[in-house]
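[1] Mind folding the following:
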Amino acid sequence: MAHALMLSFSSPASPAEEERYNLWYFRHIREVMAAVPGIIGARRYKLEKGVTSGGRSSAHPCSYVCIYELDAENPQQMQTISDAISSALSEGKIDIDPALDRSSLQSSFALPVISVQE
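    Numbers count the residues shown, from 1 in each chain. Got it, this is the predicted structure:
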């Protein structure tokens, strides 16, 4: 089974908060995976602002992306996982540190597109 993805884009609240933000996020990933059934892996990346594609800037407004691998095959299963994340936040099982710029937080969900070639 190919797994769905949740891409979570975010930035630290300020350059001075970046180290705290990264330390918190390292712990946060583990908390989310422990608290939310269906999240089976995660990897974080720092987005590079200076790289161009076809002469055009590829800059995203956020500084980081965390890619969560989900045990989901359809939008309904992805929604169940998204709802579980919301519940874990409201129940205090996972937290949001003030070092995270909440206004920067953006999440997207993706299903794999499978191509078969001979």
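[2] so what does whatever helix or strand Y21 lives in touch, helix or strand wise?
    Y21 belongs to helix 18-35 when assigned by DSSP states H and E. Helix 18-35 sits against strand 39-46, strand 64-70, helix 75-90, with contacts defined as 3 or more Cβ pairs under 8 Å, 6 or more residues apart in numbering; DSSP states H and E. All C-beta atoms are positioned from the backbone trio N, CA, C, and that covers glycine.
[3] How far off centre is that helix?
    11 Å (Cα atoms, centre = their mean, to the nearest Å).
[4] Could I get the average pLDDT for it?
    Per-residue pLDDT over helix 18-35 has a mean of 91.
[5] Pairing partners for the helix or strand of the chain with the lowest mean pLDDT, with directions?
    Least confident helix or strand of the chain, by mean pLDDT, DSSP states H and E, is strand 56-57 with a mean of 72. Next to strand 56-57 in the sheet, as set by DSSP bridges, lie strand 52-53 (antiparallel).
[6] could I have the helix holding Y21 exported to PDB, CA atoms only?
    Extracted C-alpha coordinates of helix 18-35, given in PDB (Å, rounded to 0.1, in the frame of the first residue of the first chain):
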ATOM      1  CA  GLU A  18      14.600  29.400  15.700                       C
ATOM      2  CA  GLU A  19      16.700  27.200  18.000                       C
ATOM      3  CA  ARG A  20      13.800  26.800  20.500                       C
ATOM      4  CA  TYR A  21      11.400  26.100  17.600                       C
ATOM      5  CA  ASN A  22      13.600  23.300  16.300                       C
ATOM      6  CA  LEU A  23      14.100  21.700  19.700                       C
ATOM      7  CA  TRP A  24      10.400  21.800  20.300                       C
ATOM      8  CA  TYR A  25       9.600  20.400  16.800                       C
ATOM      9  CA  PHE A  26      11.900  17.500  17.400                       C
ATOM     10  CA  ARG A  27       9.900  16.600  20.500                       C
ATOM     11  CA  HIS A  28       6.600  17.500  18.900                       C
ATOM     12  CA  ILE A  29       7.000  14.900  16.100                       C
ATOM     13  CA  ARG A  30       7.500  12.200  18.600                       C
ATOM     14  CA  GLU A  31       4.400  13.400  20.600                       C
ATOM     15  CA  VAL A  32       2.300  13.500  17.500                       C
ATOM     16  CA  MET A  33       3.300  10.000  16.400                       C
ATOM     17  CA  ALA A  34       2.600   8.600  19.900                       C
ATOM     18  CA  ALA A  35      -0.700  10.400  20.300                       C
END
